[in-house]
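Student: sequence unavailable; structure follows:
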């Protein structure tokens, strides 16, 4: 029974995360302008080592109903938007200064905006792995309960 509950918990967590993206996909769009773009290097402690990581730092402006706003969020998962500094490719687009961009704006709060409204590619594999693990846990739990 515990395995079934754990599997269901994994699947529920994935569905909640995907639902957040579904909501953002319905946000309004506006044209924005990148006013700052850089990659920040920082050290993050892991289990027994400290790893140097990189995260994007972006600022952009956009206008809603003749009011100008400034934003810095790239995705709804900004807190996880970081990679090992030795990585050859970053999972975020290359934002350049004065580049025009599409900004996705929360219709309920125009100061809440992001540049990417889809699941980032490296997160898709995480969600798929958790979903498969959840299904397998549930199947094993069902098998054990009928054995």
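Tutor: Good, I have the coordinates. If you're wondering where the values come from, they're calculated on a predicted model, not measured in any experiment.
Student: in the strand or helix carrying residue 58, what counts as buried?
Tutor: Taking DSSP states H and E as the definition, residue 58 sits inside strand 50-64. Residues 53-56, 58, 60, 62 are the ones in strand 50-64 that count as buried (16 or more other Cβ atoms under 10 Å). The way it works is simple: take the backbone N, C-alpha and C, and place the C-beta from them, glycine included.
Student: moving C-terminal from it, which element do we reach first?
Tutor: strand 67-71.
Student: mind listing what's buried along that following strand?
Tutor: Buried residues in strand 67-71, defined by neighbour count with 16+ other Cβ under 10 Å: 69, 71.
Student: residue 145 - that's part of a strand, no?
Tutor: No: checked against DSSP: H, G, I helix; E, B strand; the rest coil, residue 145 lies outside a strand; its state is helix.
Student: residue closest to the middle of this structure?
Tutor: The chain has residue 77 as the residue nearest its centroid, 3.0 Å off, counting by Cα atoms, centre = their mean.
Student: wait, which of the buried residues of strand 50-64 is closest to residue 143?
Tutor: Comparing the buried residues of strand 50-64 against residue 143 with Cβ to Cβ places residue 53 closest, at 40.8 Å.
Student: that older thread, got JSON lines for the buried residues of strand 50-64, with distance to residue 93 too?
Tutor: Shown next, in JSON lines, are the buried residues of strand 50-64 (distance: Cβ to Cβ, whole Å):
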{"residue": "53", "distance to residue 93": "18"}
{"residue": "54", "distance to residue 93": "14"}
{"residue": "55", "distance to residue 93": "14"}
{"residue": "56", "distance to residue 93": "9"}
{"residue": "58", "distance to residue 93": "10"}
{"residue": "60", "distance to residue 93": "12"}
{"residue": "62", "distance to residue 93": "17"}
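Student: quick revisit: the strand holding residue 58 - what's its average pLDDT?
Tutor: Mean pLDDT, computed over strand 50-64, is 93.
Student: many thanks, I have nothing further to ask.
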